[in-house]
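In: With the input below, show me the fold.
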Amino acid sequence: MFFIIVLAIHTAVNFYIALRGWQALELNSGVRPWFITFMVLLYVAYPLARILEKIWYHPIPITLHWIGAFWFAAMLYVTLLLFLTDIIRVINHFTPFIHNITENIATLKMKLFYAFSLITLLVVVAGHINAWTPKTTRLDIVIPKKAGNMESLRIVAASDIHLGTLIGPRKTQKLVNQINALEPDIVLFAGDVIDEDVETVVKQDLGNCLKQINAPLGVYASTGNHEYIGGAEPAVKYLEQHNINVIRDSALLINNNFYIIGREDLHKRFTTGKSRKELNKIVADVDMSRPLILLDHQPYNLNDAIDAKIDLQISGHTHHGQLWPFGYITNQIFEVSRGYAKFDNTHIYVSPGYGTWGPPVRTGNRPEIVMIQLYFDQPK
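Out: Residues are numbered from 1 along each chain as shown. Predicted coordinates:
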């Protein structure tokens, strides 16, 4: 049902753009057939590529995948520009405020067609460059607990990497190099390491890049909704074969000093019919005097972590909308859509993510790696 709804919206939006484009090219009738052909290619590119990639991993479906993914971002901004134009037309019809248009309406439509095309192209290109230039966010947090003889812990965290066709060897190697440059004690991935289909990850041997991560205390991850969409068991198996320890509804004591707790993603219930384990049951047998660090992909129900006396929760999932203006929507959906917050003694950090989902474009925020310097202090 979800995919039927998405396909229906995709079809309606493409029809709307095609119709407005056809009308705008009244004076360029020779261009109209090429425009419609181009629109059909854009419309079918992404769904066709996803089907073909499963049976024929080849430059042709890969190219179609890239075209379709870029079109998702372009489609958003073309639609916003057209909506704005239509709203102005409707208002002007009932309350005229635009007078004395000196040029022919057909000429004006054609000029707007090319102007909107150029604006959209510039926005998408800028958004793609932005998506390829992640920042490092640094955060210092003090936890009033002892962690053995450790005075501090340097955590490097990332979420929503979405390894796959669009996040391939170059971006993965860039991620690994950036992580290693920060000299982490431990590396934490808060879900969606893999973008649905693990086969595209296997065929590009992206796991070989992940094995190059240097962290004395190890690399740990929780599952995300995309691991479950593509099949959690093959994804988890692949990650663990490449030195990523996936913690699933359990707590792991690291060097007898602190705990890393990993929750299964909420999406588990949709694909397996089974709900994830409740957090208070996961921590029932842990030593509460030691620091508790939680990986929970989707930042829903933050009270669960607060009630369980988690010291630090790291989440992702939101992408903070990824494309402007969707960040305004995620701000309404999530108590914390991006960044740092503290509730009682529980520190929460929600990352907008490192990779992209859908279009390889970010216009709403910068992708990031998070470096958290965690300081341990004698309880007061």
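In: which residues does Gly327 contact?
Out: For Gly327, the set of contacting residues under the criterion of C-beta atoms under 8 Å, 6 or more residues apart in numbering consists of 320-321, 337-338, 364-365. No exception for glycine: its C-beta is placed from N, CA and C like everyone else's.
In: helix, strand or coil for it?
Out: helix (DSSP: H, G, I helix; E, B strand; the rest coil).
In: roughly how far apart are the closest residue to it other than its chain neighbours and Pro352?
Out: Excluding the flanking residues, the one nearest Gly327 by C-beta to C-beta, 6 or more residues apart in numbering is Gly321, at 3.5 Å. Separation of Gly321 from Pro352 (C-beta to C-beta, to the nearest Å): 8 Å.
In: who's more crowded, those two?
Out: A side-by-side neighbour count of Gly321 and Pro352, using other C-beta atoms under 10 Å, places Pro352 first with 27 against 21.
In: circling back to that earlier point, would you confirm that the residue nearest to Gly327 contacts Thr330?
Out: Yes: in terms of C-beta atoms under 8 Å, Gly321 counts as a neighbour of Thr330; the distance is 4.8 Å.
In: What are the boundaries of the strands in the stretch 101-250 of the chain?
Out: Ranges of strands within the stretch 101-250 of the chain are 135-143, 152-158, 186-190, 219-222, 245-246, 250-254, based on DSSP state E, counting those that start in this stretch.
In: ok, now the stretch 251-380 of the chain?
Out: For the stretch 251-380 of the chain, the strands identified by DSSP E, counting those that start in this stretch occupy 258-262, 292-295, 312-315, 339-343, 346-350, 368-376, in order along the chain.
In: In the record's domain split, what are the boundaries for this structure?
Out: 2-130, 136-376 (automatic domain parsing).
In: Rounded mean pLDDT for the first one, please.
Out: The predicted model gives domain 2-130 an average pLDDT of 91.
In: next one: that domain to chain centre, how far?
Out: The gap between where domain 2-130 is centred and where its chain is centred comes out at 23 Å by C-alpha atoms, centre = their mean, to the nearest Å.
In: so what's Tyr328 up against?
Out: Counting by C-beta under 8 Å, 6+ apart, Tyr328 has contacts Gly321.
In: Check the one 10 residues further on too.
Out: When contacts are counted by C-beta under 8 Å, 6+ apart, Arg338 touches 318, 320, 327, 330, 350-352, 365.
In: Which two among the residues you listed are spaced furthest apart?
Out: In the contacts of Arg338, the most distant members under the criterion C-beta to C-beta are Gly327 and Ser351, with 13.7 Å between them.
In: before we move on, back to that, just the closest of the contacts of Gly327 to Arg269, please.
Out: After measuring the contacts of Gly327 against Arg269 - C-beta to C-beta - the closest member comes out as Ser337, at 22.9 Å.
In: Number of residues surrounding the residue nearest to the closest one when sequence neighbours are not counted?
Out: Excluding the flanking residues, the one nearest Ser337 by C-beta to C-beta, 6+ apart is Thr330, at 4.2 Å. Thr330 sits with 21 neighbouring residues when counted by other C-beta under 10 Å.
In: Equivalent analysis for Pro144, please.
Out: 13.
In: distance of Met75 from Gly321?
Out: The span separating Met75 from Gly321 equals 16 Å under the rule C-beta to C-beta.
In: what does Pro359 give?
Out: Between Pro359 and Gly321 the computed distance is 12 Å (C-beta to C-beta).
In: Please identify the helix or strand for Val44.
Out: Under the criterion of DSSP states H and E, Val44 resides in helix 32-55.
In: Can you give the contact residues for that helix?
Out: With C-beta under 8 Å, 6+ apart as the test, helix 32-55 has contacts from 7, 10-11, 14, 17-18, 21-22, 25, 58, 60-62, 64-65, 67-69, 71-72, 75, 165, 197, 199-200.
In: taking those one by one, which sit in helices?
Out: 7, 10-11, 14, 17-18, 21-22, 60-62, 64-65, 67-69, 71-72, 75, 199-200 (DSSP state H).
In: Now list the buried members of those residues.
Out: For these, a neighbour count by 16 or more other C-beta atoms under 10 Å gives the buried set as 10, 14, 17-18, 21, 61-62, 64-65, 68-69, 71-72, 75, 199-200.
In: And those, which is closest to Ala190?
Out: Out of those, the one with the shortest distance to Ala190 is Thr200. That distance is 21.5 Å, counting by C-beta to C-beta.
In: just checking, the closest one touches His162?
Out: No: using C-beta under 8 Å, Thr200 makes no contact with His162, being 10.8 Å away.
In: Now the phi/psi pair for Tyr263, please.
Out: That one is not Tyr; residue 263 is Arg. Here the main-chain torsion angles of Arg263 (degrees, to the nearest 10) amount to phi -100, psi 140.
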